[in-house]
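*Asks:* could you look at this predicted model? Sequence included:
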Amino acid sequence: QLQLVESGGGSVQSGGSLRLSCTASGDSLDDYAIAWFRQAPGKEREGVTCINSGGDVAKYADSVKGRFTSSRDNAKKTVYLQMNSLKPEDTAVYYCAAARVATMTDYWGQGTQVTISS
């Protein structure tokens, strides 16, 4: 079992930065890939980035490429999403999710609100 809690959301102006954290409790994060999703009001949930269990491979949506960076510290059971050059269209609730292919299990956090004003 894994419990995920996101933190670090808030309100900033366009061009600003935020760093989100996704902290796990329960099981170790070592065997899990971690993804960040976001959902804006009235829109479908969108995949933002995914980082592998070792933390050496990360993929990004085109909309955030070059601005967002995902990293992880398995010893701290925490995954980070550094968001720079934020735009109003980045406004959404951001969720982290952990997936383990071997057991076909996934876990989700409760989300953290990110609001970017122009």
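*Replies:* Yep, that arrived.
*Asks:* identify the bridge partners of Arg100.
*Replies:* Beta bridges link Arg100 to Thr105, judged by DSSP bridges.
*Asks:* how much space is there between it and Leu2?
*Replies:* 9 Å (Cβ to Cβ, to the nearest Å). In short, each C-beta sits where N, CA and C put it, glycine included.
*Asks:* how about Gly42?
*Replies:* According to Cβ to Cβ, Gly42 and Leu2 sit 30 Å apart.
*Asks:* buried sites along the worst-scoring helix or strand of the chain on mean pLDDT?
*Replies:* Across the helices and strands of the chain, mean pLDDT, DSSP states H and E gives its lowest value to strand 105-108, namely a mean of 94. By 16 or more other Cβ atoms under 10 Å, the buried positions in strand 105-108 come out as 107-108.
*Asks:* C-alpha coordinates for that strand, PDB please?
*Replies:* Taking C-alpha atoms only, strand 105-108 is exported to PDB below (Å, rounded to 0.1, in the frame of the first residue of the first chain):
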ATOM      1  CA  THR A 105      -1.100  -1.300  -9.100                       C
ATOM      2  CA  ASP A 106      -1.400   2.500  -9.000                       C
ATOM      3  CA  TYR A 107      -2.000   5.000  -6.400                       C
ATOM      4  CA  TRP A 108      -3.000   8.700  -6.500                       C
END
